[in-house]
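K.L.:
predicted model and sequence below, questions to follow.
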Amino acid sequence: MSRSPSLPDRPHRDIDPDLPDDERLEALRGHYADLVDVHEQLESQLEEAEDRRQGLREKVDRVERENETLKSSSLYIATVEDVMDDGEVVVKQHGNNQEVLTEVSSRMADRVEAGDRVAVNDSFAIQRILDAETDARAQSMEITEKPAVGYEDIGGIDEQVREVREAVEQPLADPEIFEEVGIEPPSGVLLYGPPGTGKTMLAKAVANKTDATFIKMAGSELVRKFIGEGSRLVRDLFEMAREREPAIIFIDEIDAIATTRTESKTSGDAEVQRTMMQLLSEMDGFEARGEIRIIAATNRFDMLDRAILRPGRFDRLIEVPEPDRDGREQILEIHSRGMNVADDVEFAELADDTEGYSGAEIESLATEAGMFAIRNDREEVRHQDFLEAFEKIENDDSSDVVSSAGYFYQ
Ligand SMILES: Nc1ncnc2c1ncn2[C@@H]1O[C@H](COP(=O)(O)OP(=O)(O)OP(=O)(O)O)[C@@H](O)[C@H]1O
């Protein structure tokens with residue numbers, strides 16, 4: 001950094017007051033000339049300082065812009081395969097599996113290890129080592145130690161609850177019985193049916209009942225959000241379950257990774273295929289009597305690749321249909337349990353009116369009825385509020401209700 005120039009000395013002259021006038025005038029002129037000289041020096045120093053300030057400002061602006069670009073430019077995800085002695089590493093980019101030999105900055109050199117997941121820039125220089133939080137693994141899974149859903153919160157699908165308890169809960173709670181009888185419990189359970197009918201709730205309720213960790217992964221996210229990461233994330237999913245057993249793995253929208261093979265050979269399809277193959281191989285190498293149970297859900301049963309339904313894979317199929325009249329009444333009661341409901345509310349009548357509604361839609365009906373009570377300045381929810389809520393839902397999105405009622409899942 002350049003140092004500031006030192007200031008010129010302050011001009012000083014002792015002028016004897018007894019000097020004759022002309023000599024005193026001469027001396028004063030000399031002093032004035034010194035002052036003008038110093039003034040000029042100071043002025044040019046000030047000018048230089050201004051120039052330097054301007055130069056620094058421009059530099060700061062440039063660094064700030066570079067910083068912004070660095071922050072906002074996209075980075076690719078790769079895995080460190082090998083760390084050499086000379087400070088070079090081999091990284092393998094996810095997605096295209098391209099292997100590259102790259103250098104590591106001295107700042108990173110002693111922190112990078114083989115197996116680390118890293119973010120690399122366009123020229124493959126390692127920018128960051130990904131920790132658990134930035135890791136796609138953590139982002140793509142929802143992990144709940146004890147989901148707050150019980151069987152008593154699920155209405156209208158008693159038979160499905162019974163089947164799920166038998167296929168998932170019992171092998172976890174009482175594995176010896178399967179050993180004694182000498183049979184293997186079902187490997188995986190597939191819940192299929194229209195959206196919003198309680199499939200996720202069922203999986204959560206089993207986890208709650210068995211004190212198992214609930215680990216959810218959405219098939220659609222695997223292939224859309226974490227492109228190139230699918231098969232690795234599936235491996236991570238099972239590893240995570242093994243670390244936290246007993247555990248329930250819940251794969252929602254499994255159709256996104258297990259669709260019938262198409263003829264097209266785009267790279268996207270190949271990626272989906274790889275993800276599914278990984279899932280199948282994880283399931284094939286799975287200890288059926290272990291402490292991890294797998295539940296998958298889909299509302300596109302028709303699209304599923306039959307390979308996932310083979311014995312040892314998702315070999316127990318449970319259809320979760322839309323609730324019937326009694327089911328709708330039960331679900332209405334469940335979702336009104338915490339509400340201040342007036343005596344005039346006839347759940348049976350509302351159940352008659354809501355044919356084709358899923359559990360999720362019935363839940364919105366109850367919430368909407370509560371909103372009408374609030375709008376009318378009441379703390380109590382009356383039958384009329386439910387009717388108005390019903391009308392609003394029908395008018396707002398009648399198309400949604402119809403489409404979900406007629407959803408193609410068989
Ligand atoms: N049978 C039911 N009993 C009580 N509530 C239900 C039922 N089905 C759905 N609900 C309500 O709807 C919400 C959504 O349900 P859930 O997520 O279990 O549906 P899903 O079948 O998994 O849907 P999707 O296929 O869209 O994932 C639940 O949180 C719950 O409030």
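P.N.:
Cool, got the structure. Numbers count the residues shown, from 1 in each chain.

K.L.:
just the strands in the protein please.
P.N.:
Ranges of strands within the chain are 76-83, 88-93, 99-103, 117-120, 126-129, 141-144, 188-192, 213-218, 247-252, 292-298, 314-319, based on DSSP state E.

K.L.:
okay, these in JSON lines with mean pLDDT, mean neighbour count and distance to the ligand next?
P.N.:
From N, CA and C alone the C-beta is placed, and that goes for glycine too. Putting the strands of the chain into JSON lines (pLDDT from 0 to 100; neighbours: other CB atoms under 10 Å; distance: least, CB to the nearest ligand atom, whole Å) gives the following:
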{"stretch": "strand 76-83", "mean pLDDT": "85", "mean neighbour count": "19", "distance to the ligand": "28"}
{"stretch": "strand 88-93", "mean pLDDT": "87", "mean neighbour count": "18", "distance to the ligand": "33"}
{"stretch": "strand 99-103", "mean pLDDT": "87", "mean neighbour count": "14", "distance to the ligand": "39"}
{"stretch": "strand 117-120", "mean pLDDT": "84", "mean neighbour count": "20", "distance to the ligand": "29"}
{"stretch": "strand 126-129", "mean pLDDT": "83", "mean neighbour count": "17", "distance to the ligand": "34"}
{"stretch": "strand 141-144", "mean pLDDT": "84", "mean neighbour count": "16", "distance to the ligand": "12"}
{"stretch": "strand 188-192", "mean pLDDT": "93", "mean neighbour count": "26", "distance to the ligand": "7"}
{"stretch": "strand 213-218", "mean pLDDT": "90", "mean neighbour count": "22", "distance to the ligand": "9"}
{"stretch": "strand 247-252", "mean pLDDT": "93", "mean neighbour count": "26", "distance to the ligand": "5"}
{"stretch": "strand 292-298", "mean pLDDT": "93", "mean neighbour count": "26", "distance to the ligand": "6"}
{"stretch": "strand 314-319", "mean pLDDT": "92", "mean neighbour count": "20", "distance to the ligand": "12"}
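
K.L.:
so which of these is nearest Asp284?
P.N.:
Closest to Asp284 of the strands of the chain, according to CB to CB: strand 188-192, at 11.0 Å.

K.L.:
which non-adjacent residue is nearest Leu35?
P.N.:
Of all residues not flanking Leu35 in the chain, Pro11 sits nearest, at 5.6 Å (CB to CB, 6 or more residues apart in numbering).

K.L.:
what about the one you found, neighbour count?
P.N.:
Around Pro11 sit 15 other residues, with neighbours defined as other CB atoms under 10 Å.

K.L.:
and for Arg53?
P.N.:
Count around Arg53 with other CB under 10 Å applied: 10.

K.L.:
ok, Ser281 - how many residues close by?
P.N.:
Other residues close to Ser281 by other CB under 10 Å number 14.

K.L.:
circling back: can I assume the residue nearest to Leu35 is in contact with His39?
P.N.:
No. Using CB atoms under 8 Å, Pro11 is not in contact with His39; the gap is 9.7 Å.

K.L.:
now for whichever residue of the chain sits closest to the ligand: which residues touch it?
P.N.:
Relative to the ligand, the nearest point of the chain is Gly359 (2.1 Å; CB to the nearest ligand atom). Counting by CB atoms under 8 Å, 6 or more residues apart in numbering, Gly359 touches Gly155, Gly156, Gly196, Thr197, Gly198, Met201, Pro323, Ile331.

K.L.:
what parts of the chain come near the ligand?
P.N.:
Residues of the chain lying near the ligand by CB under 6 Å from any ligand atom: 154-157, 195-201, 252, 297, 299, 331, 334, 359-360, 363.

K.L.:
longest helix in the chain, please.
P.N.:
helix 21-72 (DSSP state H).

K.L.:
chain center to it, what's the gap?
P.N.:
55 Å (CA atoms, centre = their mean, to the nearest Å).

K.L.:
again with stretch 84-103
P.N.:
Centre to centre, stretch against its chain (CA atoms, centre = their mean), the figure for stretch 84-103 is 27 Å.

K.L.:
what lies in contact with it?
P.N.:
76-83, 104, 106, 109, 112, 118, 120, 124-126, 227-229, 232, 271.

K.L.:
one more: stretch 26-34?
P.N.:
When contacts are defined by CB under 8 Å, 6+ apart, stretch 26-34 is touched by residues Pro11, Arg13, Ile15, Leu19.

K.L.:
just stretch 149-165 next, same as before
P.N.:
189, 191, 197-198, 201-206, 208-209, 295, 316, 318-321, 323-324, 326-328, 330-331, 333-334, 359.

K.L.:
quick one: which of those residues sit in helices?
P.N.:
Residues of the contacts of stretch 149-165 located in helices (DSSP H): 201-206, 208-209, 326-328, 330-331, 333-334, 359.

K.L.:
are any of these buried, and if so which?
P.N.:
Buried members of these, scored by 16 or more other CB atoms under 10 Å, are 201-206, 208-209, 327-328, 330-331, 334, 359.

K.L.:
Ala125 is in contact with Ser105, isn't it?
P.N.:
Yes. The pair Ala125 / Ser105 is scored as a contact, 7.3 Å apart, by CB under 8 Å.
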